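[1] no sequence for this one, just the structure:
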């Protein structure tokens, strides 16, 4: 019996999307005096500081770590095909990290923007966790489907 490995494709898509989320600009915050760039590593002011008391931004290293874990886990999960139970668990953990990364990014950027009375201009890369979450969930469902097919084939033997 041949098992279709579509879950590997879904896990690869999830890993690539979270890699894009981790390393690309997620948006900008435009205030009256500054423009801040929002990334997974932090919210930092664009340009050179002219006075020492000016706002410089914040570090979001926790967001970067969570998004990097959500990037690495699906790619590692592709190679766990011999243990489907482990593969399903890693896919669910990856989905949780993906949701956490999206929520942390939205909350930290929105909170920082409200401190300055501004809004966040999101990039299209902010949708990467949603696509990665869909990939993780589809991979989980496909792994479950493969388990059922293998059980049915074992009953016939």
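    Nice, thanks for sending it over. The structure displayed is predicted, hence computed values, not measured ones.
[2] for the nearest residue to residue 123 once chain neighbours are set aside, phi and psi?
    Excluding the flanking residues, the one nearest residue 123 by C-beta to C-beta, 6 or more residues apart in numbering is residue 27, at 4.9 Å. Placement of C-beta: from N, CA and C, glycine included. Main-chain torsions, residue 27, degrees, to the nearest 10: phi 160, psi -180.
[3] Tell me the buried residues in the one helix or strand residue 21 maps to?
    Per DSSP states H and E: residue 21 is located in helix 6-23. Of the residues in helix 6-23, 7-8, 10-22 count as buried by neighbour count, 16 or more other C-beta atoms under 10 Å.
[4] Starting from that helix, tell me the next helix or strand along the chain.
    Heading C-terminal from helix 6-23 (DSSP H and E), you reach strand 27-30.
[5] mind listing what that following strand pairs with, with the direction of each?
    For strand 27-30, the pairing partners within the sheet under DSSP bridges are strand 35-38 (antiparallel), strand 120-122 (antiparallel).
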